[in-house]
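**Q** predicted coordinates and the sequence they were generated for:
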Amino acid sequence: MSKKAIVVISFGTSYEEAEKAIVNLENALQEAFAGYDFYRAFTSGMIIRKLKRTRGIQIGNPEEVLDFLAEKGYEEVVCQPTHIINGDEYDKMCRMIGKHHSSFQSLKVGTPLLTECEDFMRVAPLLSNLAPNRKEKEALVLMGHGSVHFANSAYCQMEHVLHYLDYEDVYVGTVEGFPELDYVMKRLKRQEIKKVYLAPFMIVAGDHARNDLAGEEEDSWKSILTKAGYEVEVILKGMGELKEVARIFVEHAKKAEEMEA
């Protein structure tokens, strides 16, 4: 019988409380791939170094983990990323993995959360349900990471899908791309919104969520919206904590496993 492994690849986080989102996804994938040995990898070198320095935890990047698996004689490997979009981190992961196709009989790679149109349709109600009791003149504002990568357009598509499905009071902004907070605030003003629920549209509620979104500094989204006169309530919950999100990632990994080499 061939040796099989599943590698769950995340950007990573140094926040212990936020790590539960990654663990939830890892547990779901480990359970779904019962005949496979489980391994974790992070794509962020900064987080890998910080975890080693501050907590003595050693986590490999995808290339290092695949080197190890090849050395140990694994023959079939499925890599499943936990990224939201097919952006820079996903591309970086694919470049690392691409060097190892000749090292295994089979090396399959799953897709990020938002890849096909169906993914957006399934994720939309999950986002809306982050603040299920919204009243008139209240809105949910989601903070995505954003990117200079062309995959950044997924955030605009996500908002279009939300509105198509009649979640008209949900808006998507990003930290490092378009749409930015000023775009969201123009929409809030136009709709005469009084209260805003803020939530991260990220796998983990890590640094961006705790500082850029919910921090007490004057340039955080919470502070800016509060100063603008909105009542603000923060929901610090990573997308990776949701069971249905885990289910989508499992389906992506299974689809990759079933693909012909």
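**A** Structure received.

**Q** for Met185, which residues are in contact?
**A** Contact analysis of Met185 by C-beta atoms under 8 Å, 6 or more residues apart in numbering lists 224-225, 228. Where C-beta positions appear, they are placed from N, C-alpha and C, glycine not excepted.

**Q** from these, list just the buried residues.
**A** 224-225 (16 or more other C-beta atoms under 10 Å).

**Q** where are the low-confidence patches of the stretch 151-261 of the chain?
**A** Applying pLDDT under 70 to the stretch 151-261 of the chain picks out residues 260-261.

**Q** repeat that with 50
**A** Applying pLDDT under 50 to the stretch 151-261 of the chain flags no residue at all.

**Q** show the backbone phi and psi for the nearest residue to Lys108 once chain neighbours are set aside.
**A** Nearest non-adjacent residue to Lys108, counting by C-beta to C-beta, 6 or more residues apart in numbering: Ala256, 4.3 Å away. Here is the backbone geometry of Ala256 (degrees, to the nearest 10): phi -70, psi -40.

**Q** what separation do you get for Ala256 and Met239?
**A** Ala256 is 20 Å from Met239, where distance means C-beta to C-beta, to the nearest Å.

**Q** who has more neighbours out of these two?
**A** Taking other C-beta atoms under 10 Å, Ala256 and Met239 do not tie; Met239 has more neighbours (26 against 16).

**Q** residue contacts, the more buried one?
**A** 21, 84, 113, 126, 200-203, 245.

**Q** kindly provide the distance from Leu140 to Glu159.
**A** 11 Å.

**Q** wait, I meant Asp182
**A** Using C-beta to C-beta, one gets 15 Å for the distance from Asp182 to Glu159.

**Q** more neighbours: those two, which one.
**A** Glu159 (23 against 9).

**Q** list the residues that contact that one.
**A** Per C-beta under 8 Å, 6+ apart, neighbours of Glu159: 170-172, 179.

**Q** isn't Val141 right up against Tyr171?
**A** Yes. If you go by C-beta atoms under 8 Å, Val141 and Tyr171 touch, sitting 5.1 Å apart.

**Q** need the residues touching each of these two.
**A** Shared contacts of Val141 and Tyr171 (C-beta under 8 Å, 6+ apart): 184, 188.

**Q** how close does the closest residue to Leu66 other than its chain neighbours sit to Pro62?
**A** Leaving aside its chain neighbours, Leu66 sits nearest to His100 (4.4 Å; criterion: C-beta to C-beta, 6+ apart). To Pro62, His100 is 9 Å away according to C-beta to C-beta.

**Q** who has more neighbours out of the two?
**A** Higher neighbour count among His100 and Pro62: Pro62, with 24 against 18, using other C-beta under 10 Å.

**Q** give the contact list for the more buried one.
**A** Neighbour list for Pro62: 7, 9, 41, 43, 79, 93, 96-97 [criterion: C-beta under 8 Å, 6+ apart].

**Q** and for Ile9?
**A** Counted by C-beta under 8 Å, 6+ apart, Ile9 has contacts 40-43, 62, 79-82, 93.

**Q** and of those residues, the nearest to Phe104?
**A** Minimum distance to Phe104 across the contacts of Ile9 is 10.6 Å, recorded for Cys79 (C-beta to C-beta).

**Q** you'd agree that closest one is in a strand?
**A** Yes. Under DSSP: H, G, I helix; E, B strand; the rest coil, Cys79 falls within a strand.

**Q** contact partners for it?
**A** Here Cys79 is in contact with 6-7, 9, 62, 66, 93, 97, 107-110, 256 (C-beta under 8 Å, 6+ apart).

**Q** mind running it again at 6 Å?
**A** By C-beta atoms under 6 Å, 6 or more residues apart in numbering, the residues touching Cys79 are 7, 9, 97, 109.

**Q** what about it, distance to Leu69?
**A** From Cys79 to Leu69 the distance is 10 Å (C-beta to C-beta).

**Q** thanks a lot, catch you later.
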